[in-house]
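In: Model the following, please.
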Amino acid sequence: MIRQRTKFAASALALPLLVAFGARGEKLAFAPEDGTSLDKELSMEVSLYVEDLSMIVDGQDMGGMMMGELDEALSFNVLIGVTDEFVKSANGKPLELLRTYNELSAEGGTESERESADGFDELEDSTVSFKWNEEEGEYVKSFHESEGEEELLENLEVDMELLALLPDGEVSEGDTWEMDGSKALSLFAPGGFPSGGGEGDDEVMEIISQELESQFDEAFEDFSIECTYKGMQEDGENSYGEIAFEFEGEGAIDLSELLMQMIDLQAEGAEIEIDADITAGLDLTFKGLGTLLWDPKTGHLHTYEMSCEMTLLADVMAAIDVMGQSQEFEASAELSGSGAWTMTTGSGE
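Out: Numbers count the residues shown, from 1 in each chain. The predicted structure is shown next:
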């Protein structure tokens, strides 16, 4: 009788442990071993078609004349290949990371006439250090054991792992959660894009990049991004946690200041006086889906894929006076298209 009571007591004590063990989910967290390295290759392809165009210059409609020249898609392609060394990490984020840029290329234009983006590859063969500054609550970016233009680092981000997609705690197959919409930019530009250095076209691209990035987070605060854990996926001898996500959102960006800066830059370069009054805006709509495969064994990204449909509506009203000659300008354009993002890594090899 005593032996039976002892067995019952032991079973009663073990039951909560068995239940807890059975209820445990997967933990998908950023926790790479300090000193390890990971190769990543990110590709982005975007194609846009001009659906409608209206342009009135000093009362004359010029839109119809230009539509015939815009039958081809406007396309943009970006390729970024890096090696990340996780020097030190803690609490789900890098504290120190070294990123070497092995390959950088970007080109755009129409299907029949494409050009490479000058200055985009200036960081090739360079290593950039990201160090977390606890007091400032931000990363300090610098060239590692080399020198370069600090402006090239301005739009770089440490996160190339899509950390905002990860759940806060353990998850089981079928669990859902919301990603913070203010971090939506990381879906489209993991790790950020290198800034162009120098003058001329590169300086214009720098202005565009800074102005748009400064507004993007706020414009898409209400971006809806729903994540679902699909369970562990087997790939040979390895298993990866699959996170599927869907998103949709819209936002508005004020382009007035951006265009004014570009006109001031043009006036400075031509050494002429230009007076301008500009009101311009860009409305954007996105809808898409994607998949993140996470390597729980190594604590970092395995692969990332995303596709989306997009619509861009631009409106501009301007009154410009150049050396005493005035011109009034009104324009609106609607563009629609799609984009595809893919990131592969050396994880699991």
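In: which stretches of this protein form helices?
Out: In chain order, the chain shows helices spanning 2-23, 63-67, 185-188, 201-219, 256-270, with DSSP state H as the criterion.
In: list the contacts for the closest residue in space to residue 303 that isn't next to it in sequence?
Out: Spatial nearest neighbour of residue 303, excluding adjacent residues (C-beta to C-beta, 6 or more residues apart in numbering): residue 293 at 4.7 Å. Yep, even glycine has a C-beta here, placed from its N, CA and C like the rest. For residue 293, the contact set (C-beta atoms under 8 Å, 6 or more residues apart in numbering) comprises 233, 240-243, 301-304.
In: again, 7 Å this time
Out: Residues touching residue 293, when contacts are defined by C-beta atoms under 7 Å, 6 or more residues apart in numbering, comprise 233, 240, 242, 302-303.
In: about what we covered before: which of the helices of the chain has the lowest average pLDDT?
Out: Least confident of these, judged by mean pLDDT, is helix 2-23 with a mean of 40.
In: bridging residues for residue 90?
Out: Applying DSSP bridges to residue 90 gives these bridge partners: residue 93.
In: For it, give its distance to residue 124.
Out: Distance check for residue 90 against residue 124: by C-beta to C-beta, to the nearest Å, it reads 31 Å.
In: So for those two, which residue has more residues nearby?
Out: residue 124 (14 against 11; other C-beta atoms under 10 Å).
In: if you skip the residues just before and after it, what's nearest to the more buried one?
Out: On the basis of C-beta to C-beta, 6+ apart, the spatially nearest residue to residue 124 that is not a chain neighbour turns out to be residue 104, at 5.0 Å.
In: Give the bridge partners for the one you found, please.
Out: The bridge-partner assignment for residue 104, based on DSSP bridges, gives residue 80.
In: Isn't it up against residue 117?
Out: No - between residue 104 and residue 117 no contact is recorded; they are 9.6 Å apart, counting by C-beta atoms under 7 Å.
In: Skipping its backbone neighbours, what lies nearest residue 328 in space?
Out: Nearest residue to residue 328 in three dimensions, chain neighbours excluded: residue 319, at 5.3 Å (C-beta to C-beta, 6+ apart).
In: residues contacting the one you found?
Out: Counting by C-beta under 7 Å, 6+ apart, residue 319 makes contact with 277, 326, 328.
In: how deep is the second one tucked in, by neighbour count?
Out: Put plainly, it is residue 326. Here the count is done by other C-beta under 10 Å, and residue 326 has 10 residues near it.
In: pLDDT wise, what is it at?
Out: Residue 326 is assigned 86 on the pLDDT scale.
In: quick one on the thing from earlier: list buried residues within the contacts of residue 293.
Out: 240, 242, 302-303 (16 or more other C-beta atoms under 10 Å).
In: Can you list which of these are found in strands?
Out: When those are checked against strands (DSSP state E), the matches are 240, 242, 302-303.
In: of those residues, closest to residue 49?
Out: Set against residue 49, the nearest of these by C-beta to C-beta is residue 303 (29.1 Å).
In: Against residue 26, how distant is the closest one?
Out: Taking C-beta to C-beta as the criterion, residue 303 is separated from residue 26 by 17 Å.
In: what do you get for residue 263?
Out: With the distance defined as C-beta to C-beta, residue 263 ends up 54 Å from residue 26.
In: Contacts only, for the residue nearest to residue 116 when sequence neighbours are not counted.
Out: The shortest distance from residue 116 to any residue that is not its chain neighbour, by C-beta to C-beta, 6+ apart, is 4.7 Å, and that residue is residue 107. Contacts for residue 107 were tallied using C-beta under 7 Å, 6+ apart; they are 77, 114-117.
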